[in-house]
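A.B. asks: Just need the structure, nothing else, for what follows:
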Amino acid sequence: MKKEKFSASIDQLHAILLWIRQETTPFGQKFLKKIELASEEALLNIIQHSYANRGGEIEVQILIFSQSTAHRNKNPTPKKKSSSSQKYFQISFIDKGISFDPLLAKEASPPISLETQQ
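C.D. replies: Residues are numbered from 1 along each chain as shown. Next comes the predicted model:
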């Protein structure tokens, strides 16, 4: 497993994504864009909501494993199969900021339509 700690700030976002890209290069250029998009969304949520832009630390862990390892360890369904070999990966983002449980969140009211406003 590869892991790295970063400062939880917008200024570090590019560096974090670059590290993730370097570690997941074997999965191909097309798939890298999907990895980056999902990672960026998760990282922005941590920076903006969990730490409320006040800083903190994010640990990023990347586990690359084979299909036989996934079945033996009873890991969740692997995310991506490489064309040259059966390799999979798992990315974890670990922070110590404010937690969020969407099941406990209040439902947002829908915006008022233009017809209602007039």
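
A.B. asks: Kindly confirm whether my reading is correct that I62 touches Q22.
C.D. replies: No. Under the criterion of C-beta atoms under 8 Å, I62 makes no contact with Q22, lying 9.8 Å away. (Glycine included, C-beta is placed from N, CA and C.)

A.B. asks: which non-adjacent residue is nearest the residue nearest the centre of the chain?
C.D. replies: Geometric centre of the chain, nearest residue: S39, 3.5 Å, by C-alpha atoms, centre = their mean. When the adjacent residues along the chain are set aside, S39 lies closest to I20, with 5.3 Å between them (C-beta to C-beta, 6 or more residues apart in numbering).

A.B. asks: and that neighbour, how many residues sit next to it?
C.D. replies: 23 (other C-beta atoms under 10 Å).

A.B. asks: Same question for the one 5 residues further on.
C.D. replies: Neighbouring residues of T25 were enumerated by other C-beta under 10 Å; the total is 11.

A.B. asks: Could you list every helix and strand that the helix or strand containing I20 packs against?
C.D. replies: Element membership of I20, judged by DSSP states H and E, is helix 13-23. Contacting helix 13-23 under the criterion 3 or more C-beta pairs under 8 Å, 6 or more residues apart in numbering; DSSP states H and E are the following elements: strand 2-7, helix 29-45, strand 57-66.

A.B. asks: ok, back up a step: OK, contacts around the residue nearest to S39?
C.D. replies: Shown in contact with I20 (C-beta atoms under 8 Å, 6 or more residues apart in numbering): I35, E36, S39, V60, I62, I91.

A.B. asks: Secondary structure class of the last one, three-state.
C.D. replies: In other words, I91. Using DSSP: H, G, I helix; E, B strand; the rest coil, the structure places I91 in strand.

A.B. asks: S92 contacts A42, correct?
C.D. replies: No. Contact criterion C-beta under 8 Å: S92 and A42 do not qualify, at 9.7 Å.
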